[in-house]
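Engineer: here is my input; please provide its structure:
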Amino acid sequence: MHLKKKMTYEVVLERWLEDKKIYIKESTYASYLYVVRNYITPYLGDYLVSQIDHKLIQEYFLKFYRQTDKFSDRTIKGIATIVKSSLRWSMNEGYINYFELSFKYPRISGHSKVFTLTKREQNKITNYALENITPQNIGLLLALYAGLRIGEICALKWKDIDLKRGIIHVRRTIQRIYMVDINENNSRVIISSPKTQKANRDIPINKFFLNILKVQKDENEFFVISAKEHYIEPRTYRRYFDRTLKKLQIDHINFHALRHTFATNCIALGVDYKTVSELLGHSNINITLNLYIHPRLAEKKKCIDLVSKIFQEKAI
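Structural biologist: Residues are numbered from 1 along each chain as shown. Predicted structure coming up:
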């Protein structure tokens, strides 16, 4: 048997990771490494790579699904993406023979639940932020009225805000990544370009918000929400948000709900989907459509009534 065929899938996965490391962002590599070490190697790592075939992978997903039903569709889809990519690489490198990679995995649920703030909750946060203008409260407004992600808010510097033209340039994001070592799990904060090319975007600022920013303007290299040369990392800022919710007597909700609220408001106001997608920095419009475009029963009924009306007119 060829030496490559005698290797275990665990060894091949590690080689695939090393190959991918050159081409992907550090944060993406950390995410891949975590998934491989926790969700793939424990189940499939001991198999010889020559034993990997369509049937084995299909059984793995069914077994994995039954044992980890607490995980979201997004997690399982992420695992499937890595398995497919590593196997495709293995075929190209001659570790395994070609087989069809169209295996399926059960979905846990339908559309992911998008949590948004009520109008009353939005007003509470807005009024509080405007009555108490601080760098950190400006961050809340950036999420609620410009749709920035928390990592983008934490990474935003004053040099990224063009006060003359009224534009926010989103060029960086901050996140804490978890690197899985042999003996321990280490984490560290990194500042990098946004998650996709489309996430590098320019967002217009309305005149009212622009005037607030002009008053708060600080040194170009200072981070907006820290008012210092050193950043506030996302998990720290989330704790500030949680304390604010408690102070305002608003039930706990994830910080990302501010961004969801922005998007939902845009759709409700009739803004075209392409514009909403670009403001959010989604990699493609389908992400926007899948997340936010869910017609209500009343809208579906209106559609059916309109179609029926056409046939009724023809009948007359």
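Engineer: shouldn't A155 be in contact with V189?
Structural biologist: No: A155 is beyond contact range of V189, at 10.3 Å (criterion: C-beta atoms under 8 Å). Using the backbone N, CA and C atoms, a C-beta is placed for each residue, glycine as well.
Engineer: so what sits against both of the two?
Structural biologist: I174, Y231 (C-beta atoms under 8 Å, 6 or more residues apart in numbering).
Engineer: who has more neighbours out of the two?
Structural biologist: More crowded of A155 and V189, by other C-beta atoms under 10 Å: A155, with 27 against 14.
Engineer: distance check, the more buried one against N137.
Structural biologist: When distance is defined by C-beta to C-beta, to the nearest Å, A155 is 18 Å away from N137.
Engineer: same check, this time on E26
Structural biologist: 31 Å.
Engineer: ok, the two, which is more surrounded?
Structural biologist: The neighbour comparison of E26 against N137 (other C-beta under 10 Å) goes to N137, with 21 against 14.
Engineer: you'd agree that one is in a helix?
Structural biologist: Yes: under DSSP: H, G, I helix; E, B strand; the rest coil, N137 falls within a helix.
Engineer: my read: it touches N127, true?
Structural biologist: No: contact criterion C-beta under 8 Å: N137 and N127 do not qualify, at 10.9 Å.
Engineer: can you give me the strands in the stretch 1-150 of the chain?
Structural biologist: Read by DSSP state E, counting those that start in this stretch, the stretch 1-150 of the chain holds no strands at all.
Engineer: before we move on, what about the stretch 201-316 of the chain?
Structural biologist: 201-204.
Engineer: pLDDT weak spots in the stretch 1-150 of the chain?
Structural biologist: For the stretch 1-150 of the chain, the stretches flagged by pLDDT under 70 are 1-5, 64-72, 104-113.
Engineer: could you check how far Y47 is from R238?
Structural biologist: 40 Å.
Engineer: got it, and D46?
Structural biologist: D46 is 39 Å from R238, by C-beta to C-beta.
Engineer: between the two, which is the more surrounded one?
Structural biologist: Using other C-beta under 10 Å as the criterion, D46 and R238 rank with R238 on top: 15 against 11.
Engineer: that one contacts H256, doesn't it?
Structural biologist: No: the pair R238 / H256 is not scored as a contact, 9.7 Å apart, by C-beta under 8 Å.
Engineer: mind listing the shared neighbours of the two?
Structural biologist: With C-beta under 8 Å, 6+ apart, R238 and H256 have common neighbours I150.
Engineer: which other residues reach stretch 145-153?
Structural biologist: 139, 142-143, 156, 168, 170, 172-175, 194, 199, 203, 205-206, 209, 224-225, 234, 237-238, 255-256, 259, 262-263, 266, 279-281.
Engineer: give me the buried entries from the residues you listed.
Structural biologist: 139, 142-143, 156, 168, 170, 172-175, 194, 199, 203, 205, 209, 224-225, 234, 237, 255, 259, 262-263, 266, 279-281 (16 or more other C-beta atoms under 10 Å).
Engineer: so which of the contacts of stretch 145-153 belong to helices?
Structural biologist: Counting by DSSP state H, the contacts of stretch 145-153 place 139, 142-143, 209, 234, 237-238, 256, 259, 262-263, 266, 279-280 in helices.
Engineer: list just the nearest of the residues you listed to D218.
Structural biologist: G139 (13.7 Å; C-beta to C-beta).
Engineer: who's in contact with I82?
Structural biologist: Here I82 is in contact with Y32, V35, V36, I40 (C-beta under 8 Å, 6+ apart).
Engineer: what's the nearest residue to the third one if we skip its chain neighbours?
Structural biologist: Beyond its immediate neighbours in the sequence, the residue positioned closest to V36 (C-beta to C-beta, 6 or more residues apart in numbering) is L13, lying 5.3 Å away.
Engineer: surely that neighbour is in contact with L87?
Structural biologist: No: using C-beta under 8 Å as the test, L13 is too far from L87 to be in contact (9.8 Å).
Engineer: what sits against T173?
Structural biologist: Per C-beta under 8 Å, 6+ apart, neighbours of T173: R149, G151, E152, C154, A155, I191, S192, S193, P194, K195, A199.
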